[in-house]
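A.B. asks: only geometry, no sequence info:
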């Protein structure tokens, strides 16, 4: 069973919905296109599904229109409806992006005569600067696992890898064993949209990955073959939730009580590189960002930190 079918079945089985929700055939075809042609993850497909389900329900229950007949004014009414429901602007902007992609796909396949979202502008979002932990806090986090236990060795290897490479949590847990080349100090990562990139590893990351592969992984896998590099305590591939839970617990043990996110080490990786003189284009390639403007946020983080340091330490700050 493919992941999209699993999503649709789970939605149908939802106890919160007594009646089975039927997607418009064009929406179902679009979701399958995203899965098989774009290679999107189950989580991303679920987000598209939720957005389009809400949109179709609004069309039929409130606006009494179809996906083919709605106008640009109708889409704008939908956006106003979302605002009236108290949804966050970021969520509304993402939903409009989903609709734009759906109608662009439909227009290119000649399913629609026009794209009703073409002239609808997304809400302006304030630039959110990611919170970054200091280099001293990262070091405390890296040393927090118990390096004398199989799980501790695994956790140390994961943290060293994440800080050395800037991988997303999902990329870490889905990383195939054979895509890590420790002799070359490289890891081949499959990121968003099935885009691949090669990321170099530092000496400490290679050292801990070697230790994990030799000493910890065989114990956790019970000498059974598991495709992913990192394995849970019960010998299965780790989940995003498991890994994130481990990182939060280790951060607490290390005395780091700031509000962390799953991207904390990724943000630290990028910001600390820029702080030490790395150019923006290199950081973009390492992170796998398709647009340089996405990477530019880290220059703001670095500048903000320099400004705070100046205020704290300069006699006339």
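C.D. replies: Here it is on my side, so go on. Here the structure is a predicted model, which means the values were calculated and not measured. Numbering: from 1, shown residues only.
A.B. asks: now the helix ranked longest in the chain: buried residues?
C.D. replies: Taking DSSP state H as the criterion, the chain has its longest helix at helix 89-108. By 16 or more other CB atoms under 10 Å, the buried positions in helix 89-108 come out as 92, 95, 96, 98, 99, 100, 101, 102, 103, 105, 106, 107. The C-beta positions use only the backbone N, C-alpha and C, and glycine is treated the same way.
A.B. asks: what's the spacing between stretch 99-111 and its chain's center?
C.D. replies: With CA atoms, centre = their mean, to the nearest Å as the basis, stretch 99-111 stands 25 Å off its chain's centre.
A.B. asks: average model confidence for that stretch?
C.D. replies: Computed over stretch 99-111, the mean pLDDT rounds to 91.
A.B. asks: pull the residues that contact that stretch.
C.D. replies: Residues from elsewhere that reach stretch 99-111 (CB atoms under 8 Å, 6 or more residues apart in numbering): 26-27, 30, 33, 51-52, 55, 67-68, 75, 112, 114-118, 120.
A.B. asks: over to stretch 172-179?
C.D. replies: Around stretch 172-179, the neighbours that count as contacts under CB under 8 Å, 6+ apart are 158, 161-162, 167, 187-190, 226-230, 237-240, 242-243.
A.B. asks: put the buried members of these into a ChimeraX selection.
C.D. replies: Per 16+ other CB under 10 Å, the buried members of the contacts of stretch 172-179 correspond to this ChimeraX selection:
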select :158,161,162,167,187,189,190,226,228,229,230,238,240,243
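A.B. asks: from the contacts of stretch 172-179, which land in strands?
C.D. replies: Using DSSP state E, the subset of those located in strands is 187, 188, 189, 190.
A.B. asks: which strand residues bridge the second one?
C.D. replies: Spelled out, that is residue 188. Counting by DSSP bridges, residue 188 is bridged to residue 198.
A.B. asks: didn't it look like it was pressed against residue 196?
C.D. replies: Yes. When contacts are counted by CB atoms under 8 Å, residue 188 is listed as touching residue 196 (6.3 Å).
A.B. asks: can you give me the strands in the chain?
C.D. replies: Listed in chain order, the strands of the chain (DSSP E) span 180-181, 186-190, 196-200.
A.B. asks: give me the low-pLDDT residue ranges for the stretch 201-317 of the chain?
C.D. replies: The stretch 201-317 of the chain contains residues with pLDDT under 70 at 279-280, 282-285, 288-317.
A.B. asks: helices of that one, start to end?
C.D. replies: 203-211, 217-221, 240-253, 264-275, 280-287, 292-295, 297-313 (DSSP state H, counting those that start in this stretch).
A.B. asks: now what about the first one, what contacts it?
C.D. replies: Looking back up the chat, that one is helix 203-211. Counting by CB under 8 Å, 6+ apart, 153, 156, 157, 160, 161, 163, 164, 165, 180, 182, 185, 201 sit against helix 203-211.
A.B. asks: looking at it, the last one is touching residue 188, isn't it?
C.D. replies: No. With contact defined as CB under 8 Å, residue 201 and residue 188 do not form a contacting pair (11.3 Å).
A.B. asks: check the gap between residue 181 and residue 209 for me.
C.D. replies: Look at residue 181 and residue 209: by CB to CB, to the nearest Å, they are 10 Å apart.
A.B. asks: actually, residue 32.
C.D. replies: Distance, residue 32 to residue 209, using CB to CB: 37 Å.
A.B. asks: likewise residue 122?
C.D. replies: From residue 122 over to residue 209 the distance is 41 Å, taken as CB to CB.
A.B. asks: who has more neighbours out of these two?
C.D. replies: Neighbours were counted for residue 122 and for residue 209 using other CB atoms under 10 Å; residue 209 has more, 25 against 15.
A.B. asks: now do the contacts for residue 262.
C.D. replies: Contacts for residue 262 (CB under 8 Å, 6+ apart) come out as 168, 169, 240, 244, 247.
A.B. asks: appreciated, that's everything.
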